[in-house]
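Asks: I would like to see how this sequence folds:
(chains A, B and C)
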Amino acid sequence: MTAASLADVVAALGGELHGDAARPVERIGPLSTADAATISFLANPRYRAQLATTSAGCVIVAPAWRHEVPAGTASIATPDPYHYFARLTQWWAARERPREPAGVHPSAVLEPGCSVHPQASVGALAVVGAGATIAAGAVLGAQCHVGRGAVVGARTRLAPRVVVGDGCRLGERCIVHAGAVIGADGFGFAPHQGRWEKIEQLGAVRIGDDVEIGANTCIDRGALDDTVVEDGVKLDNLIHIAHNVHVGAHTAMGACVGIAGSARIGAHCMIGGAAMINGHIEIVDGTYITAGSFVSRSIRTPGEYTGVFPLDDNASWEKNAATLRQLHRLRERLRELEKKIA
Amino acid sequence: MTAASLADVVAALGGELHGDAARPVERIGPLSTADAATISFLANPRYRAQLATTSAGCVIVAPAWRHEVPAGTASIATPDPYHYFARLTQWWAARERPREPAGVHPSAVLEPGCSVHPQASVGALAVVGAGATIAAGAVLGAQCHVGRGAVVGARTRLAPRVVVGDGCRLGERCIVHAGAVIGADGFGFAPHQGRWEKIEQLGAVRIGDDVEIGANTCIDRGALDDTVVEDGVKLDNLIHIAHNVHVGAHTAMGACVGIAGSARIGAHCMIGGAAMINGHIEIVDGTYITAGSFVSRSIRTPGEYTGVFPLDDNASWEKNAATLRQLHRLRERLRELEKKIA
Amino acid sequence: MTAASLADVVAALGGELHGDAARPVERIGPLSTADAATISFLANPRYRAQLATTSAGCVIVAPAWRHEVPAGTASIATPDPYHYFARLTQWWAARERPREPAGVHPSAVLEPGCSVHPQASVGALAVVGAGATIAAGAVLGAQCHVGRGAVVGARTRLAPRVVVGDGCRLGERCIVHAGAVIGADGFGFAPHQGRWEKIEQLGAVRIGDDVEIGANTCIDRGALDDTVVEDGVKLDNLIHIAHNVHVGAHTAMGACVGIAGSARIGAHCMIGGAAMINGHIEIVDGTYITAGSFVSRSIRTPGEYTGVFPLDDNASWEKNAATLRQLHRLRERLRELEKKIA
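Replies: From the prediction side, this is the model:
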């Protein structure tokens, strides 16, 4: 990596610099392993003790803690060090990473009638379907597939090998990681004489602005109406969003989450990894679901909800699990005892 | 979309039309949001009350409920409205969606010795391996990969970017969604001196007719014999089917299900989303597994089975989970009390 | 398949042959369904009874059990029959499967400045980024994507359609199955005024030697440092490894496992399918996690750990689950009774 001076950092991102503006930093790193060429940060009070002993060249820190930064370490004081750190990583990535050139790679396949903005970038061996629109500054990674009539908004970036199905729409400044599938058919069948009759999925997927979608995550098209993911939603890897789900703005979901059909997830929710949400239920804004929980009913009151079997050593688990199967009977026995004694 | 007249619908799909045969419908939609250009349906008695107030142009309805359709709304009476609705979506999709042209896209790569029927369609940048067979009416989406000696049956449709491994076979009229991987190696290793020695997976995958396979779902090849998925099975997204599993005909599985090696799932089962089935067990025909359940033992009697920790607010969960770890001891204490009192 | 003689087998793999060295075998199979052209094995004492009745042409067997092999069936005596069987499948596969030719398929796209060893194989429609290195004997399947500056070690094989992100490194003799994504962004955001600010993920992924990675499995790049998977690790399908996770050598994980960010998994662990490991925890070497368990805290003592709700018929489950929500209160009632009686 190319070194940046602290003056460069502050010029780009603001903050109050204390120390030598010419000092070069070559990497961003945690307090505990930082050296003189590292710019670090203190966001979580838990790590405050590391401040005194860090060898970092510079620490991003809240004004209140600035006096704890050791002599010889520069500091950048800012009210929200973690947010500053996030912006620093963005600035760093923009400096370090090559920018995709505008234009269409000669090996890409553009079907007639698609519209690719001259300031968009279409990677090697990508396919853009008839009637699709790729807006200014959008980047399609190599081997992507954008279906017929689909829309990729301005400055949205698809990693290599993303599929956007026919008629699906992505807003602006989205990021979609490799292997994600947007717009496969929802899972809909009518039972008929012991067989399943397919219900063709006639809706599409609508994704807002500033949405991030993880690797190999799937968002199915709606049965009749669209599946909707609102602005600012962040989805980790290997998530399943079924048909006709509605995900409210700025909700975040950990990896391996599954949301069944027609569930309505509020805004500003956090769904922990591997949580599963039943179909046709509603979860109110600002709900927090613990990782690994199964949500079988609607949640009307914001709060934290959990449903996970506590881990134990296997021998103890065996005994407790066996008892658990008789729990209802245990309660009846307790009630009988209570009656006898009363 | 192009409007269809009710006469068109009934000519194609049957049913007893009451109302103006020339009335145009432009979309299919639920009763609650339907307008005069919408054809709707009443399948679930739960929504019966919506019939009186719907603004739909036409409702598909069981003969017994036809008299509840409001004046000004046409109706199509049919014994199984949901099945009729499913067929209507198919007819609608066939009208609206462009058909893939027969032939091989010039950018596709066909290895020597593969056989592609002249009435099959091979999309852009697809790869067909040596000795593979693509039957009449089959459609390989863009960027698909069909391995050596694999077979794709007549009228089977692969979405873009499906992988069918060497020697794997798909029957007729199957649908496979983007990112699905059929025929990766099963997970087999012999432990040896603290390391894992690979067991090469010499079997393949055999898929019957009318099977649907969801996006990013994986079906592994067998170790020695084949992994088998019988006719009419429907698999949602992100499912894992391990080596040597056998899935009986017309079984349906929700998203994120995992089936471990050599499990034998009966016919006409329903496996709820995110359920997990242990290896080497058998599940009898007609079993229903609740979403999120972990099935650790064979099921010999059809019925509904569940094993999910009930969701609670986090504070209550914490207290109950802590007690759960002492459940066996609680039972012993109860027994001691019972003895004292007896 | 081409027949091999028992002499061929023993010449390649060793062991003590009893019986006709010229006898041809055409397949490898289990004892129960073996015929005279099948070479079988007895590894698990559970199947010992099948030895007496097998029709196999040859059985791989421990010396102690050799005398139980029926007359007319040859045997190969070896101290670890299962390990011998594993090596036999490897030898068999090497005989049967076509070897990928060295060289670059004309349809592949090589960016300037990448380095592909003349003894490596790059499949149809693969993409190799600028500055990437493909070592001797490595095989990139069709439609693979190796990012800028990435490294694929000697004799490592990527199935079709694998993504290796920019700057990620795979060791030697690895196997990566279709759809796997190595090096997508980790899931990192700083909350700020109700929105999520992206933390660019500046680390990469480092994979050791002899690692196997299943279909559609995702291993995210680190936030600042690298995500690390050590030598000999085996990962099944649809696994999620989050940013900054460290997986110790020779650990194996079943399908659908999720490992959250910065978790540190020891060496020689076995993580059952669909188990979920919380972020920022440590699991000691030699730990066994039962399939489907949720691990919320560090494990310091090797052993077997479990946390799975036991399956039951739905009616029983309903009653027990309802009682479970009152478990803490039940314990209090028991305590009150105990006091009264004492």
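Asks: which residues touch the nearest residue to residue A:56 once chain neighbours are set aside?
Replies: Excluding the flanking residues, the one nearest residue A:56 by Cβ to Cβ, 6 or more residues apart in numbering or on different chains is residue A:34, at 3.5 Å. Backbone N, C-alpha and C define where each C-beta goes, glycine included. By Cβ atoms under 8 Å, 6 or more residues apart in numbering or on different chains, residue A:34 lies in contact with A:40, A:54-57.
Asks: List just the nearest of the residues you listed to residue B:87.
Replies: Closest approach to residue B:87 among the contacts of residue A:34 (Cβ to Cβ): residue A:40, at 63.3 Å.
Asks: before we move on, the earlier item: keep only those of the contacts of residue A:34 that are in strands.
Replies: Members of those lying in strands (criterion: DSSP state E): residue A:40.
Asks: Adding neighbour count, pLDDT and distance to residue B:281, write the contacts of residue A:34 out as a markdown table.
Replies: Putting the contacts of residue A:34 into a markdown table (neighbours: other Cβ atoms under 10 Å in any protein chain shown; pLDDT from 0 to 100; distance: Cβ to Cβ, whole Å) gives the following:
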| residue | neighbour count | pLDDT | distance to residue B:281 |
| --- | --- | --- | --- |
| A:40 | 30 | 97 | 51 |
| A:54 | 22 | 94 | 54 |
| A:55 | 16 | 95 | 56 |
| A:56 | 30 | 97 | 54 |
| A:57 | 23 | 97 | 58 |
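Asks: is it possible to export the contacts of residue A:34 to CSV including distance to residue C:190?
Replies: Below are the contacts of residue A:34 laid out as CSV (distance: Cβ to Cβ, whole Å):
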residue, distance to residue C:190
A:40, 15
A:54, 20
A:55, 24
A:56, 19
A:57, 22
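Asks: now, among the contacts of residue A:34, which is nearest to residue A:179?
Replies: Nearest to residue A:179 among the contacts of residue A:34, with distances taken as Cβ to Cβ, is residue A:40, at 33.3 Å.
Asks: Surely that closest one and residue A:25 touch.
Replies: No. Using Cβ atoms under 8 Å as the test, residue A:40 is too far from residue A:25 to be in contact (9.4 Å).
Asks: shared neighbours, those two?
Replies: With Cβ under 8 Å, 6+ apart, residue A:40 and residue A:25 have common neighbours residue A:58.
Asks: and the nearest residue to residue A:217 once chain neighbours are set aside, how many residues sit next to it?
Replies: Excluding the flanking residues, the one nearest residue A:217 by Cβ to Cβ, 6+ apart is residue A:239, at 4.3 Å. Neighbour count of residue A:239, defined by other Cβ atoms under 10 Å in any protein chain shown: 29.
Asks: Run through the residues that contact residue A:239.
Replies: Residue A:239 neighbours (Cβ under 8 Å, 6+ apart): A:214, A:217-218, A:253, A:255-259.
Asks: Could you measure from it over to residue A:212?
Replies: As judged by Cβ to Cβ, to the nearest Å, residue A:239 and residue A:212 stand 11 Å apart.
Asks: Residue A:322 looks like it's in a helix, true?
Replies: Yes. Counting by DSSP: H, G, I helix; E, B strand; the rest coil, residue A:322 is found in a helix.
Asks: Closest to residue B:300 out of the contacts of residue A:34?
Replies: The closest of the contacts of residue A:34, once distances to residue B:300 are taken by Cβ to Cβ, is residue A:40, at 60.2 Å.
Asks: what residues are up against that closest one?
Replies: By Cβ under 8 Å, 6+ apart, the neighbours of residue A:40 are A:28-31, A:34, A:54, A:56, A:58-60.
Asks: And the pLDDT at the residue nearest to residue A:217?
Replies: Looking at residue A:239, its pLDDT is 98.
Asks: same deal with residue A:1?
Replies: 57.
Asks: same deal with residue A:98?
Replies: pLDDT recorded at residue A:98 is 88.
Asks: how near is it to residue A:139?
Replies: 12 Å.
Asks: Same question for residue A:248.
Replies: Residue A:248 is 27 Å from residue A:139, by Cβ to Cβ.
Asks: same question, residue A:269
Replies: With Cβ to Cβ as the criterion, residue A:269 and residue A:139 are 29 Å apart.
Asks: again, but for residue A:298
Replies: The value you get for residue A:298 to residue A:139, if Cβ to Cβ is used, is 39 Å.
Asks: Between these two, which has more neighbouring residues?
Replies: Set residue A:298 next to residue A:139 and count neighbours by other Cβ under 10 Å: residue A:139 wins out with 21 against 13.
Asks: Need phi/psi at that one.
Replies: Residue A:139 adopts backbone torsions of phi -130, psi 120, taken as degrees, to the nearest 10.
Asks: Contacts only, for it.
Replies: A:100, A:120-121, A:123, A:156-158.
Asks: Sort out which of these are in strands and list them.
Replies: Under the assignment DSSP E, these contribute A:121, A:157-158 to strands.
Asks: Who wins on neighbours among the residues you listed?
Replies: Neighbour-wise, the ones in strands among the contacts of residue A:139 (other Cβ under 10 Å) top out at residue A:158, 30 neighbours.
Asks: re earlier: tabulate the contacts of residue A:239 (CSV), appending secondary structure and pLDDT.
Replies: Shown next, in CSV, are those (DSSP: H, G, I helix; E, B strand; the rest coil; pLDDT from 0 to 100):
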residue, secondary structure, pLDDT
A:214, coil, 98
A:217, coil, 98
A:218, strand, 98
A:253, strand, 98
A:255, coil, 98
A:256, coil, 98
A:257, coil, 98
A:258, strand, 98
A:259, strand, 98
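Asks: Of the contacts of residue A:139, which pair is most distant in space?
Replies: Using Cβ to Cβ, the two most remote members of the contacts of residue A:139 are A:123 and A:156, lying 13.6 Å apart.
Asks: quick one: which of these two has more around it?
Replies: More crowded of residue A:123 and residue A:156, by other Cβ under 10 Å: residue A:156, with 26 against 23.
Asks: So for that one, what's the pLDDT?
Replies: 98.
Asks: got a pLDDT number for the nearest residue to it once chain neighbours are set aside?
Replies: Of all residues not flanking residue A:156 in the chain, residue A:174 sits nearest, at 4.2 Å (Cβ to Cβ, 6+ apart). Residue A:174 carries a pLDDT value of 98.
Asks: Contact partners for residue A:174?
Replies: Residue A:174 neighbours (Cβ under 8 Å, 6+ apart): A:153, A:156-157, A:207, A:209-213.
Asks: Report the residue ranges of every domain in chain A.
Replies: Following automatic domain parsing, one gets these domains for chain A: A:4-96, A:104-305, A:314-342.
Asks: returning to what we had before: next, format the ones in strands among the contacts of residue A:139 as TSV and append distance to residue C:12.
Replies: Formatted as TSV, the ones in strands among the contacts of residue A:139 follow (distance: Cβ to Cβ, whole Å):
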residue	distance to residue C:12
A:121	51
A:157	50
A:158	47
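Asks: Sort out which one of those lies nearest chain B for me.
Replies: Top of the list for closeness to chain B, among the ones in strands among the contacts of residue A:139 and by Cβ to the nearest Cβ, is residue A:158 at 12.9 Å.
Asks: Could you point out which residue ranges in chain A have low pLDDT?
Replies: A:1 (pLDDT under 70).
Asks: For residue B:96, see how far away residue A:166 is.
Replies: Noted for residue A:166: a distance of 10 Å to residue B:96, by Cβ to Cβ.
Asks: of the two, who's got more company?
Replies: Between residue A:166 and residue B:96, counting by other Cβ under 10 Å, residue A:166 is the more crowded of the two (18 against 12).
Asks: Skipping its backbone neighbours, what lies nearest that one in space?
Replies: residue A:147 (3.7 Å).
Asks: what comes up buried for stretch A:44-59?
Replies: Buried residues in stretch A:44-59, counted by 16 or more other Cβ atoms under 10 Å in any protein chain shown: A:50-51, A:54-59.
Asks: And the residues you listed, which is closest to chain C?
Replies: residue A:56 (12.5 Å).
Asks: My guess is the closest one contacts residue A:42. True?
Replies: No. When contacts are counted by Cβ under 8 Å, residue A:56 is not listed as touching residue A:42 (9.7 Å).
Asks: what's the burial count for residue A:8?
Replies: 16.
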